[in-house]
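Visitor: Give me the fold of what follows.
(one chain, ligands or ions: 1)
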Amino acid sequence: MIASMKNKLIVSCQAWPGTPFYGDPRMMRAMAESAQMAHAGGIRANGADDIREIKKTVSLPMIGIYKGLDKRGIRIITPDLESAKKLVDAGADIVAIDATLDARTDEQELLALIQAIRTDLGVPVMADISNVDDALRAVRCGADIVATTMAGYTSYTHKTEGPDLDLIGRLVQAVEVPVIGEGRFARPMEVHEAIRVRGAHSVVVGTSITAPWELTARFVRAI
Ligand SMILES: CC(=O)N[C@H](C=O)[C@@H](O)[C@H](O)[C@H](O)COP(=O)(O)O
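Guide: Numbers count the residues shown, from 1 in each chain. The predicted structure follows:
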């Protein structure tokens with residue numbers, strides 16, 4: 001499953017509250033079908049309803065996330081085993097979790113969650129990290145993939161204007177597991193650089209493919 005995504009584009013199909021696509025899983029199914037038509041190599045989707053709907057017509061590997069609250073009431077990607085199980089039951093082939101120090105300060109808790117997803121649910125874990133230290137900790141805990149999803153979104157990282165390509169290069173040197181680039185990819189050349197120059201296994205693009213209101217706003221801002 002992970003090997004099949006090598007050198008491929010993964011499209012993040014997520015509907016956000018307050019946008020026209022929210023509330024009807026068929027919307028994200030259409031996005032995922034569009035990605036499949038264009039020969040993307042995988043889908044990342046949020047929540048059991050969207051995953052179940054997308055799986056009806058899209059055969060690409062599915063990375064599932066659940067944007068929910070943890071027990072402190074903080075918004076976090078896939079807070080616990082229960083939310084991970086819902087994703088796998090709906091058809092997720094891989095579960096992504098927030099593996100940053102901000103979200104999971106206790107390494108033992110991170111270890112327990114990763115191990116439970118891998119052994120109890122039987123799927124690989126993609127660790128969404130923000131820097132090399134997060135990645136090393138996630139790999140120690142058994143993560144199968146690390147992704148730069150959270151770079152620039154933790155209290156201890158700086159948000160680069162585009163994707164954090166330097167971080168991708170450093171991760172490739174630092175860990176043995178596949179490194180996926182994710183976050184703020186806006187141009188095809190950035191995806192090319194991440195994979196062909198920096199050594200990323202694959203790249204996830206969300207906003208710049210599946211958020212037409214943001215794409216429209218970029219043109220409007222240019223006038
Ligand atoms: C930080 C966080 O919560 N990222 C989320 C993770 O699933 C999504 O909001 C992003 O859209 C996704 O990572 C893809 O990135 P971009 O939309 O920049 O291409």
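Visitor: can we go C-alpha only for contacts and neighbour counts from here?
Guide: OK.
Visitor: Confidence-wise, which helix or strand of the protein is lowest on average?
Guide: strand 67-69 (a mean of 89; mean pLDDT, DSSP states H and E).
Visitor: Please name every helix or strand in contact with it.
Guide: strand 75-77 (3 or more C-alpha pairs under 8 Å, 6 or more residues apart in numbering; DSSP states H and E).
Visitor: Please state the offset of the helix or strand that the strand it packs on is followed by from the chain centre?
Guide: Next helix or strand after strand 75-77 toward the C-terminus (DSSP states H and E): helix 81-90. Helix 81-90 has its average C-alpha position 16 Å from the chain's average C-alpha position, going by C-alpha atoms, centre = their mean, to the nearest Å.
Visitor: Give me every residue in this structure lying close to the ligand.
Guide: Contacts of the chain with the ligand, taken as C-alpha under 6 Å from any ligand atom, map to Ser12, Thr149, Met150, Tyr153, Glu182, Gly183, Arg184, Phe185, Val205, Gly206, Thr207, Ser208.
Visitor: Which of the residues you listed are buried, as a PyMOL select command?
Guide: In PyMOL, selecting the buried portion of these, with burial taken from 16 or more other C-alpha atoms under 10 Å, looks like this:
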select buried, resi 12+149+150+182+183+184+185+205+206+207+208
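Visitor: Next, check the residues of the chain next to the ligand against the strands and list the overlap.
Guide: If you go by DSSP state E, these have Ser12, Glu182, Val205 in strands.
Visitor: Name the residues that touch the least confident helix or strand of the chain?
Guide: The contact list for strand 67-69 (C-alpha atoms under 8 Å, 6 or more residues apart in numbering) reads Asn46, Gly47, Arg75, Ile76, Ile77, Thr78, Pro79.
Visitor: Tell me where the chain has helices.
Guide: Along the chain, the segments classed as helices by DSSP state H run 25-37, 48-55, 81-90, 107-119, 132-140, 165-174, 188-192, 207-210, 212-222.
Visitor: Counting neighbours, which bits of the first one end up buried?
Guide: It refers to helix 25-37. Pro25, Met27, Met28, Arg29, Ala30, Met31, Ala32, Glu33, Ser34, Ala35, Gln36.
Visitor: and that helix, what does it pack onto?
Guide: Right, helix 25-37 is packed against strand 8-13, helix 48-55 by 3+ C-alpha pairs under 8 Å, 6+ apart.
Visitor: mind giving me CSV with these and columns for distance to Asp133 and mean pLDDT?
Guide: Listed next are the helices and strands packed on helix 25-37 as CSV, based on distance: least, C-alpha to C-alpha, whole Å; pLDDT from 0 to 100:
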stretch, distance to Asp133, mean pLDDT
strand 8-13, 25, 98
helix 48-55, 31, 98
